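J.: Predicted coordinates and the sequence they were generated for:
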Amino acid sequence: MDFLLETVLRRAISRGGLTVTTASGRTFSVGPDTPTAHVRFRTALAEYKLLLDPELTVGELYADGEMTLERGDIADLLDVIMSQPVIQPTLSSRVLYYARMAVRRVAQFNPRGRSRRNVAHHYDLDGRLYSLFLDADRQYSCAYFEHPGQRLDDAQLAKKRHLAAKLILDRPDLSTLDIGSGWGGLSLYLAEIGRARMTGVTLSTEQLGVAKARADEKGLADRVEFRLQDYRDVPGPFDRIISVGMFEHVGVDHYGAFFHKVRDLLHEDGVMVLHSIGRSGVPGITNPWIAKYIFPGGYIPALSEVLPQIEKVGLVVTDVEVLRLHYAETLKAWRERFLARREEALRLTDERFCRMWEFYLAGSEMGFRHQGLMIFQIQLAKRQEAVPLTRDYIAEVEEKLRAAERRAATPLRLAGE
């Protein structure tokens with residue numbers, strides 16, 4: 001087993017450097033550079049599992065303690081592994097990739113009941129867990145870093161401001177739908193700073209309770225309504241629609257229905273902004289570990305899978321922006337915050353969960369750094385005249401929103417703080 005493991009790793013690691021200690025006690029290094037991580041396998045079975053299905057089992061072995069780090073941390077290890085040009089280093093892993101590709105539409109089939117169960121799996125965890133690593137507004141999506149070194153809270157505020165500008169809230173009381181409203185931060189911002197009348201829908205009971213409490217706390221309950229409701233059941237119409245970090249849970253076979261619904265919900269002069277994780281290459285599959293443990297039913301689409309569905313329903317794409325490393329920096333900040341408060345997380349969960357969460361944050365970060373993941377923001381309308389002729393208005397509106405933020409009486413806070 002030692003010989004086979006070393007042979008595979010020497011073929012796979014062509015960038016960076018890695019030291020490995022096997023279950024038998026043998027130590028070797030692979031890669032052209034000085035090793036930045038030293039991994040130890042506790043059992044021969046762990047080595048066998050890794051060789052058979054590395055995409056699934058790396059995370060399982062780490063979470064279960066069958067694979068530990070003697071030097072560096074899990075982010076250092078994944079930085080080496082995920083920066084390699086060879087993604088499937090063994091025959092079995094290649095076969096499993098094509099098998100998962102063949103059944104990916106089944107895995108992404110998300111009718112109403114399954115969608116709610118999938119959301120509950122991730123978002124209905126103890127809310128205190130998320131407060132350990134998110135910003136004060138609990139923005140659980142990619143921040144918008146206006147300059148290197150910007151604080152996470154400021155970058156998340158910049159994200160909300162950037163999206164609000166693209167929504168073109170050019171008059172008060174525009175009826176606005178937030179699909180996937182989470183803990184309510186974006187809806188509350190659009191109501192308070194953008195002067196919109198908001199309807200936010202979520203499938204998470206945990207998030208719904210927090211969002212409603214925050215609206216009451218801010219005195220915005222008359223301008224913001226949060227509902228436990230599937231987007232497919234929302235009546236319209238609306239002047240504006242926003243969706244951030246929800247499209248990844250729709251599933252490829254439901255994209256057509258999603259944009260049909262958007263078209264039906266929009267007024268004739270309406271505007272929508274869709275913010276989603278995407279892949280810059282060809283269509284693929286959800287990482288099997290992420291699909292099993294973190295986001296069941298989730299999928300990161302390629303633009304080639306999204307834009308044709310928009311075209312088919314007759315909506316006009318009025319702007320597309322790609323944010324490249326913004327999510328990598330967001331995830332790095334989340335991971336550092338989580339590690340700084342790991343003892344608190346341990347009291348809320350257990351050691352296996354904490355190791356799983358570390359792997360999730362580190363692996364996601366490296367996906368954005370090395371494997372072509374990005375964020376796309378697509379602005380849609382029914383009529384091409386619904387938005388200005390040039391993008392200059394975005395920066396101009398952002399300045400106005402900054403001024404409105406300064407005039408706001410108090411910053412938004414989490415319910416109970």
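T.: Yep, that arrived.
J.: give me the low-pLDDT residue ranges for the stretch 301-417 of the chain?
T.: For the stretch 301-417 of the chain, the stretches flagged by pLDDT under 70 are 409-417.
J.: same thing but 90
T.: Low-confidence segments of the stretch 301-417 of the chain (pLDDT under 90): 407-417.
J.: For it, which segments are assigned as helices?
T.: For the stretch 301-417 of the chain, the helices defined by DSSP state H, counting those that start in this stretch cover 303-313, 326-340, 342-348, 351-370, 392-407.
J.: Quick check: which helices or strands does the longest one pack against?
T.: When you say that, I think you mean helix 351-370. helix 54-64, helix 74-82, helix 288-293, helix 326-340, helix 342-348 (3 or more CB pairs under 8 Å, 6 or more residues apart in numbering; DSSP states H and E). Where C-beta positions appear, they are placed from N, C-alpha and C, glycine not excepted.
J.: how far is it from where the chain is centred?
T.: Distance of helix 351-370 from its chain centroid, counting by CA atoms, centre = their mean, to the nearest Å, is 12 Å.
J.: and the angle from it to helix 74-82?
T.: 50 degrees (axes from the mean of the first three to the mean of the last three CA atoms, to 10 degrees).
J.: what's the closest of the helices and strands packed on helix 351-370 to D170?
T.: helix 326-340 (26.3 Å; CB to CB).
J.: can you list contacts of the closest one?
T.: With CB atoms under 8 Å, 6 or more residues apart in numbering as the test, helix 326-340 has contacts from 75, 132-134, 142-145, 152, 155, 277, 345, 357-358, 361-362, 364-366, 368-369, 373-375.
J.: Please save the CA atoms from it in CSV.
T.: This file holds the C-alpha atoms of helix 326-340, laid out as CSV (Å, rounded to 0.1, in the frame of the first residue of the first chain):
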residue,chain,number,x,y,z
HIS,A,326,-13.6,38.0,-3.7
TYR,A,327,-15.1,34.7,-2.4
ALA,A,328,-11.6,33.3,-1.7
GLU,A,329,-10.9,36.3,0.5
THR,A,330,-14.3,36.0,2.2
LEU,A,331,-13.8,32.3,3.0
LYS,A,332,-10.3,33.0,4.3
ALA,A,333,-11.8,35.6,6.7
TRP,A,334,-14.5,33.1,7.7
ARG,A,335,-12.0,30.3,8.3
GLU,A,336,-9.7,32.6,10.4
ARG,A,337,-12.7,33.8,12.5
PHE,A,338,-13.9,30.2,13.0
LEU,A,339,-10.5,29.0,14.1
ALA,A,340,-10.1,31.9,16.5
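J.: Would you indicate which residues of it are buried?
T.: Residues 326-335, 337-339 are the ones in helix 326-340 that count as buried (16 or more other CB atoms under 10 Å).
J.: what is the orientation angle of it with helix 74-82?
T.: Going by the same axes, to 10 degrees, helix 326-340 makes 140 degrees with helix 74-82.
J.: Give the other helices and strands that the top strand by length along the chain contacts.
T.: Longest strand in the chain, counting residues (DSSP state E): strand 266-279. Contact partners of strand 266-279 among helices and strands, from 3+ CB pairs under 8 Å, 6+ apart: helix 152-167, strand 238-244, helix 303-313, strand 373-381.
J.: Show me which positions of that strand end up buried.
T.: Applying a neighbour-count criterion of 16+ other CB under 10 Å, one finds L266, H267, G270, V271, M272, V273, L274, H275, S276, I277, G278, R279 buried in strand 266-279.
J.: my guess is the last one meets F376, correct?
T.: In this case it means R279. No - if you go by CB atoms under 8 Å, R279 and F376 don't touch, sitting 9.7 Å apart.
J.: from the buried residues of strand 266-279, which single one is nearest E47?
T.: Nearest member of these to E47, counting by CB to CB, is R279, at 30.4 Å.
J.: show me the contacts for that closest one.
T.: By CB under 8 Å, 6+ apart, the residues touching R279 are I300, P301, A302, G372, L373, M374.
J.: could you say which helix or strand contains V262?
T.: Assessed by DSSP states H and E, V262 sits inside helix 255-265.
J.: Tell me where this structure is predicted with low confidence.
T.: Filtered on pLDDT under 90, the chain yields the residue ranges 1-3, 85-128, 206, 236, 251-253, 284-288, 291-298, 407-417.
J.: domain assignment for it?
T.: Following automatic domain parsing, one gets these domains for the chain: 2-102, 112-407.
J.: Tell me which of those sits most buried.
T.: The highest average neighbour count among those, using mean count of other CB atoms under 10 Å, belongs to domain 112-407 at a mean of 19.
J.: circling back: in a markdown table: the helices of the stretch 301-417 of the chain, plus distance to K212.
T.: Formatted as a markdown table, the helices of the stretch 301-417 of the chain follow (distance: least, CB to CB, whole Å):
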| stretch | distance to K212 |
| --- | --- |
| helix 303-313 | 32 |
| helix 326-340 | 25 |
| helix 342-348 | 23 |
| helix 351-370 | 27 |
| helix 392-407 | 23 |
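J.: Would you point out the most distant pair within the contacts of R279?
T.: Taking CB to CB as the measure, these span a maximum distance of 12.5 Å, between P301 and G372.
J.: quick revisit: and of the contacts of R279, the nearest to S83?
T.: Using CB to CB, these come closest to S83 at G372, 12.0 Å.
J.: isn't that closest one right up against G278?
T.: No - under the criterion of CB under 8 Å, G372 makes no contact with G278, lying 9.2 Å away.
J.: For the buried residues of strand 266-279, give me TSV that also has distance to R94.
T.: What follows is the buried residues of strand 266-279, written out as TSV (distance: CB to CB, whole Å):
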residue	distance to R94
L266	44
H267	49
G270	46
V271	44
M272	39
V273	38
L274	33
H275	33
S276	28
I277	25
G278	24
R279	19
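J.: Spatially, which two of those residues are the most separated?
T.: The farthest-apart pair in the buried residues of strand 266-279, when distances are taken by CB to CB, is H267 and R279, at 32.1 Å.
J.: Kind regards, and thank you for your time.
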